[in-house]
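Asks: below is the sequence, then the predicted model.
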Amino acid sequence: KQEVTQIPAALSVPEGENLVLNCSFTDSAIYNLQWFRQDPGKGLTSLLLIQSSQREQTSGRLNASLDKSSGRSTLYIAASQPGDSATYLCAAKTSGNTPLVFGKGTRLSVIA
Amino acid sequence: GAVVSQHPSRVICKSGTSVKIECRSLDFQATTMFWYRQFPKQSLMLMATSNEGSKATYEQGVEKDKFLINHASLTLSTLTVASAHPEDSSFYICSARGDRVGNEQFFGPGTRLTVL
């Protein structure tokens, strides 16, 4: 059964710093991996989706990588801003028909 | 991207009341819908998977008689919390997957349930 772990659970950085959020998964035979953002009391915002055949995806200041052999994904945020403060969730899908399995998230605070 | 709506966004009810939450795919046909639950400061936990026209498949530990799921059409699934109690208070999020948009899951905005 797929398990997803995110480290660290919480992170506080000063504005302008580049940062990396980590995600690991136990079953390397994944179909795709997705990063989400969740603001307090709100739903999910999809940030990046990486298919099994891809190694990375980029959107603006965000870059997500996928290394299936090591069971790891990272989300890189460049030049962080206070507006980036939120919880970031990593989720993995084992096959096209199975549901996304979520990690517990990393709570990010960017201090102005 | 595809849009999924949920209604209501927030509900407060007395203990013993049954609550129905609707999940709709607005611009695609959802062959599969997933229901997740999220407790405060916790991650999303899958409750059940439903395919249109079939009975839902529940995750271990989720009571199917308490969390009734109906997926009667390709655009609508409902979750009914029967005889809700304070411990059922949570954030419920639905997700839909349709063949037309590949296997990506699209998420609704969530429903905050508070049982007094």
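Replies: Thanks, I have it. Residues are numbered from 1 along each chain as shown, chains lettered A, B, ... in the order given.

Asks: for the helix or strand where residue A:75 lies, buried residues please.
Replies: Element membership for residue A:75, per DSSP states H and E: strand A:72-77. Buried residues in strand A:72-77, counted by 16 or more other CB atoms under 10 Å in any protein chain shown: A:72, A:73, A:74, A:75, A:77. For the C-beta atoms, the positions are set from N, CA and C on the backbone; glycine is no exception.

Asks: farthest pair within these?
Replies: A:72 and A:77 (16.8 Å; CB to CB).

Asks: hang on, residue B:84 packs against residue B:13?
Replies: Yes - judged on CB atoms under 8 Å, residue B:84 makes contact with residue B:13 at a distance of 6.1 Å.

Asks: need the overlap of contacts for the two.
Replies: B:19, B:113, B:115 (CB atoms under 8 Å, 6 or more residues apart in numbering or on different chains).

Asks: just checking, which of these belong to strands?
Replies: Among the shared contacts of residue B:84 and residue B:13, the residues falling in strands (DSSP state E) are B:19, B:113, B:115.

Asks: neighbours around the second one, how many?
Replies: Going back to what we said before, that points to residue B:113. Residue B:113: 21 surrounding residues under other CB atoms under 10 Å in any protein chain shown.

Asks: for it, give me its contacts.
Replies: B:11, B:13, B:19, B:21, B:81, B:84, B:88, B:89, B:90, B:91, B:92 are the contacts of residue B:113 under CB under 8 Å, 6+ apart.

Asks: for chain A, state which of these is nearest.
Replies: Comparing the contacts of residue B:113 against chain A with CB to the nearest CB places residue B:91 closest, at 8.0 Å.

Asks: you'd agree that closest one is up against residue B:114?
Replies: No - in this structure residue B:91 lies outside contact range of residue B:114 using CB under 8 Å: 10.1 Å.

Asks: compare neighbour counts for those two and give me the winner.
Replies: residue B:91 (20 against 13).
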